[in-house]
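# Pasted the sequence and its predicted model underneath.
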Protein chains: 2
Amino acid sequence: MSRPAPGEILVVGSVALDTVRTPFGEAVEALGGSASYFAVSASHFAPVRIVAVVGEDFPDPHRRLFESRGIDLSGLETAEGRTFRWRGEYSAELGHAHTLETQLNVFSTFHPKLDARHRACPFVFLANIDPDLQLEVLAQVKGPRLTLSDTMNYWIARKPERVLDVLRLVDVALLNEEEARALAGETQLVKAADRLIAQGARAVIIKKGEHGALFQSREERFITPAFPVESLADPTGAGDSFAGGFLGYLARTGRTEGAPLRQALACGATMASVAIEGFSPRRLAEVDRDEIQRRVAELHSMVDFDLEPTFA
Amino acid sequence: MSRPAPGEILVVGSVALDTVRTPFGEAVEALGGSASYFAVSASHFAPVRIVAVVGEDFPDPHRRLFESRGIDLSGLETAEGRTFRWRGEYSAELGHAHTLETQLNVFSTFHPKLDARHRACPFVFLANIDPDLQLEVLAQVKGPRLTLSDTMNYWIARKPERVLDVLRLVDVALLNEEEARALAGETQLVKAADRLIAQGARAVIIKKGEHGALFQSREERFITPAFPVESLADPTGAGDSFAGGFLGYLARTGRTEGAPLRQALACGATMASVAIEGFSPRRLAEVDRDEIQRRVAELHSMVDFDLEPTFA
């Protein structure tokens, strides 16, 4: 039985230049942004089209990295001015980025422009941008098979109702622990997930860093561990890389429920683990299918066992 | 194929009177102590013998609760004086107990006295007591099938070398996240587990509260999620109840590797979830086998899927 061709994926988000310092090193004006990490990650599984904006100063090598992964850049607008820049650092705990500087530059006036091929993509990722822009994209796409959203505390603090509007419209919403607690107003994670479902989300994925991720829909709850990395370099982009592996596998298989949905979460955890082993999405671009498959299988083996009756 | 009779379990630890306040209620002089939670939890799976000490003021109803679970109290010494008392409270996050008062009382001069039946138990739990006392017990037992230890930051800070001595002698050592980080001197949990193995531990279980637990031996790594509880009341005793379900299932099946080891971790997570739904080990005493089996199966279903080739 042969699988159908992988479905195309649209990502709308940021392409940025990141300057990051961690206890393990530093990167200056490296390729960054939510759409970048997502696209490079997902490109291992299915064709990806980016809709985003960069400035006239966007370096050609970054463009070539996308092209080396076969990512369609026809929706990557070049606007007058400078590319979005972010500067941050991570402490020893590595849980949280401390933002030192954000220059929105061309990103401050960005409105996603989708052509017919973008609108026809069956799989859509709304990366972390203003929820009003996410709603604009949702209004333009043509009956996608599956939509996935991300957000951040910045928007939850400023536009909680719009963030909830997006949550109710997409098939799956990604949040990290802190975001889920803030949006749901509930400390216990599982209860926060339940609350978000009660508030109208169809399904949520709560990313828990080294503790893995929790998937919760109206019907089921599922846990994937994090893949333990030996040499952590930079946590930037872990969440978007997770999203890329998750949506990439669903687009690849064309199945969005049951075992493939669960394996998609393992693919997400795998791609996040690859991303954080290096600065920028470079490791993510270089990793091969054998390594991805090996990590997915290891994640499976870390939780798999044959259940027997407990009191036989 | 019929299973052999469950192996007997020895627990050496504290039996206490706890006064606990949480955001969900309060208990005054309730049955507490590591041996109490462990014994009531494990008693659902296998016969349990307690070695511990109480004072002359130890209430009969607490003794009867143990007896209602068939727990052997022949090793529960009654010493002159008052029973060990602990008073603590939990904040809204519930991660940590804040100790308000500890009265060691009869526990301050406790030395475990094992008779022939205690020494012959094939499964042994060294609950959180002075590591020197844990070593005394290990010196007395007669070739047990499997030994499990617990500890706490108090001993890691004061007697790190003795805690490591115990770790090297037992088959499995239980620690919570904070204890593992402190003892290993390593922030990342998986690396902390690796470090403890490198320092001579055969296997460790790192308890991560609502994030589940990580098992790490020289050969394998395994993850179990936490069972999500609807109505958290009091986290006291969660770790010892985990230990009771884990060791209880191993003692019940007589198998200590492979799938039974993994199911034992799910039994541990299940018993912890039951314990925290009430104050004292009362809920733990009342829960029935159907409920335990249901939760173990739900934990399994939260992680189980049929792995397919990622790039077929």
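Looks like it arrived, so ask away.
# Do a quick rundown of the helices in chain A.
Using DSSP state H, the helices of chain A run over A:34-42, A:60-68, A:116-119, A:131-140, A:153-158, A:160-169, A:177-184, A:189-198, A:238-253, A:258-275, A:282-286, A:289-303.
# most neighbours per residue, which of those?
Scoring these by mean neighbour count under mean count of other Cβ atoms under 10 Å in any protein chain shown gives helix A:34-42 as the most buried, with a mean of 31. The C-beta positions use only the backbone N, C-alpha and C, and glycine is treated the same way.
# Alpha carbons of that helix, as PDB, please.
Written as PDB, here are the backbone C-alpha positions of helix A:34-42 (Å, rounded to 0.1, in the frame of the first residue of the first chain):
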ATOM      1  CA  SER A  34       9.200  31.400  13.900                       C
ATOM      2  CA  ALA A  35       8.600  30.700  10.200                       C
ATOM      3  CA  SER A  36      12.200  29.900   9.600                       C
ATOM      4  CA  TYR A  37      12.500  27.200  12.300                       C
ATOM      5  CA  PHE A  38       9.200  25.800  11.400                       C
ATOM      6  CA  ALA A  39       9.800  25.700   7.600                       C
ATOM      7  CA  VAL A  40      13.200  24.000   7.900                       C
ATOM      8  CA  SER A  41      11.900  21.500  10.400                       C
ATOM      9  CA  ALA A  42       8.700  20.700   8.300                       C
END
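# Who are the contact partners of residue A:15?
A:31-33, A:35-36, A:50, A:52-54, A:58, A:62, A:76, A:83-84 (Cβ atoms under 8 Å, 6 or more residues apart in numbering or on different chains).
# Then residue A:234?
A:20, A:22, A:24, A:25, A:27, A:90, A:276, A:278, A:279.
# Now do the contacts for the third one.
When contacts are counted by Cβ under 8 Å, 6+ apart, residue A:24 is found next to A:231, A:232, A:233, A:234.
# do that again at 10 Å, thanks
Residues near residue A:24 by Cβ atoms under 10 Å, 6 or more residues apart in numbering or on different chains: A:90, A:94, A:231, A:232, A:233, A:234, A:278, A:279.
# Of the residues you listed, which belong to strands?
In this view, the contacts of residue A:24 that belong to strands under DSSP state E are residue A:90.
# would a markdown table of the contacts of residue A:234 with pLDDT be doable?
Output for those, formatted as a markdown table (pLDDT from 0 to 100):
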| residue | pLDDT |
| --- | --- |
| A:20 | 94 |
| A:22 | 91 |
| A:24 | 88 |
| A:25 | 91 |
| A:27 | 95 |
| A:90 | 89 |
| A:276 | 95 |
| A:278 | 94 |
| A:279 | 94 |
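# With respect to residue A:129, which of these is nearest?
Using Cβ to Cβ, residue A:20 is the member of these that lies nearest residue A:129, at 20.0 Å.
# shouldn't residue A:47 be in contact with residue A:121?
Yes. With contact defined as Cβ atoms under 10 Å, residue A:47 counts as touching residue A:121 (8.9 Å).
# Overlap in contacts, those two.
A:7, A:8, A:9, A:72, A:251.
# From chain B, how far out is the second one?
Translated: residue A:8. 18 Å (Cβ to the nearest Cβ, to the nearest Å).
# Could you double-check that residue A:186 lies in contact with residue A:192?
Yes. Counting by Cβ under 10 Å, residue A:186 touches residue A:192, with 4.3 Å between them.
# which neighbours do these two share?
By Cβ under 10 Å, 6+ apart, the residues touching both residue A:186 and residue A:192 are residue A:180.
# any chance of the helices of chain A in a markdown table, with distance to residue B:224 and mean pLDDT too?
Converted to a markdown table, these look like this (distance: least, Cβ to Cβ, whole Å; pLDDT from 0 to 100):
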| stretch | distance to residue B:224 | mean pLDDT |
| --- | --- | --- |
| helix A:34-42 | 28 | 98 |
| helix A:60-68 | 39 | 97 |
| helix A:116-119 | 42 | 97 |
| helix A:131-140 | 36 | 97 |
| helix A:153-158 | 30 | 92 |
| helix A:160-169 | 29 | 97 |
| helix A:177-184 | 19 | 94 |
| helix A:189-198 | 15 | 94 |
| helix A:238-253 | 21 | 98 |
| helix A:258-275 | 16 | 97 |
| helix A:282-286 | 29 | 96 |
| helix A:289-303 | 8 | 97 |
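# Rebuild those helices as CSV, extending it with distance to chain B.
Shown next, in CSV, are the helices of chain A (distance: least, Cβ to the nearest Cβ, whole Å):
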stretch, distance to chain B
helix A:34-42, 13
helix A:60-68, 19
helix A:116-119, 25
helix A:131-140, 28
helix A:153-158, 18
helix A:160-169, 21
helix A:177-184, 10
helix A:189-198, 4
helix A:238-253, 7
helix A:258-275, 4
helix A:282-286, 16
helix A:289-303, 4
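# Please convert those to CSV, extending it with distance to residue B:283.
CSV is the format used below for the helices of chain A (distance: least, Cβ to Cβ, whole Å):
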stretch, distance to residue B:283
helix A:34-42, 44
helix A:60-68, 55
helix A:116-119, 54
helix A:131-140, 42
helix A:153-158, 36
helix A:160-169, 35
helix A:177-184, 26
helix A:189-198, 18
helix A:238-253, 36
helix A:258-275, 31
helix A:282-286, 47
helix A:289-303, 27
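# Tell me the pLDDT of residue A:1.
pLDDT, residue A:1: 48.
# go on, the one 5 residues further on?
pLDDT, the model's per-residue confidence, is 93 for residue A:6.
# before we move on, what about the one 3 residues further on?
Residue-level confidence at residue A:9 comes out at 98, pLDDT.
# Repeat that for residue A:92.
With respect to pLDDT, residue A:92 scores 69.
# Much appreciated, bye for now.
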